[in-house]
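> Show me how the following folds:
(one chain, ligands or ions: 1)
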Amino acid sequence: MEIITTHVNTDLDGLASMVAAQKLYPGAELVFPGKLSRNVEEFLALHKDTLKNVRNIKDINISKVKRLIMVDTKSPGRVSKLKELFNLPQVEVHIFDHHPGRRVMFEARWRLWSPWEPVLPY
Ligand SMILES: [Mn+2]
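Prediction:
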């Protein structure tokens, strides 16, 4: 399976980025890695019918994930348990992040889209 996630304490740009990423990966499931920010909780309470397919990390069988799409962060340390996926050789990692900042170590099978850094080849 393919999953789309963002950072813990998910904020509105994280949530919006997840929804946008699903346009690029229509078969991927949206997964929250942990706690939500209060404004995202309030937004979801108001719009639960439009975003009813977002899954909780507890409902995901990590061993079934073949591709991880991570948005609004490029730090594996910010996705709680989903961090494990970065170490699995069978998992392809696609990262979309708009934040400038310290470069993290990337592996060849990870791919980053950022306005601040060149797109890395496979
Ligand atoms: Mn954010």
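> Can you report how many residues lie near residue 52?
Residue 52 is flanked by 8 other residues according to other CB atoms under 10 Å. Every residue, glycine included, has its C-beta placed from N, CA and C.
> Which residues of the protein lie near the ion?
11, 13, 14, 72 (CB under 5 Å from the ion).
> Are any of those buried, and if so which?
Buried by 16 or more other CB atoms under 10 Å: 11, 14, 72, out of the residues of the chain next to the ion.
> nearest to residue 40, of the residues you listed?
residue 11 (6.4 Å; CB to CB).
> which ones are touching the residue lying closest to that closest one once chain neighbours are set aside?
Distances taken as CB to CB, 6 or more residues apart in numbering place residue 37 nearest to residue 11, at 4.8 Å, with adjacent residues excluded. For residue 37, the contact set (CB atoms under 8 Å, 6 or more residues apart in numbering) comprises 9, 10, 11, 12.
> Run through this structure and note the low-pLDDT ranges.
Per-residue confidence for the chain (pLDDT under 70) gives these ranges: 102-108, 118-122.
> which one's the longest helix in the protein?
When the chain is parsed with DSSP state H, its longest helix is helix 12-24.
> Give me the distance from it to the chain's centre.
Averaging C-alpha positions (CA atoms, centre = their mean, to the nearest Å) puts helix 12-24 9 Å from its chain's average.
> Could you do stretch 11-22 as well?
9 Å.
> What ranges does this protein have for its strands?
Using DSSP state E, the strands found in the chain span residues 2-5, 29-32, 55-56, 67-71, 92-96, 110-113.
> The second one pairs with which strands, and in what direction?
This points to strand 29-32. strand 2-5 (parallel), strand 55-56 (parallel) (DSSP bridges).
> Now render the strands of the chain as JSON lines, adding mean neighbour count and distance to residue 18.
Converted to JSON lines, the strands of the chain look like this (neighbours: other CB atoms under 10 Å; distance: least, CB to CB, whole Å):
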{"stretch": "strand 2-5", "mean neighbour count": "24", "distance to residue 18": "5"}
{"stretch": "strand 29-32", "mean neighbour count": "20", "distance to residue 18": "5"}
{"stretch": "strand 55-56", "mean neighbour count": "12", "distance to residue 18": "11"}
{"stretch": "strand 67-71", "mean neighbour count": "24", "distance to residue 18": "6"}
{"stretch": "strand 92-96", "mean neighbour count": "19", "distance to residue 18": "10"}
{"stretch": "strand 110-113", "mean neighbour count": "18", "distance to residue 18": "15"}
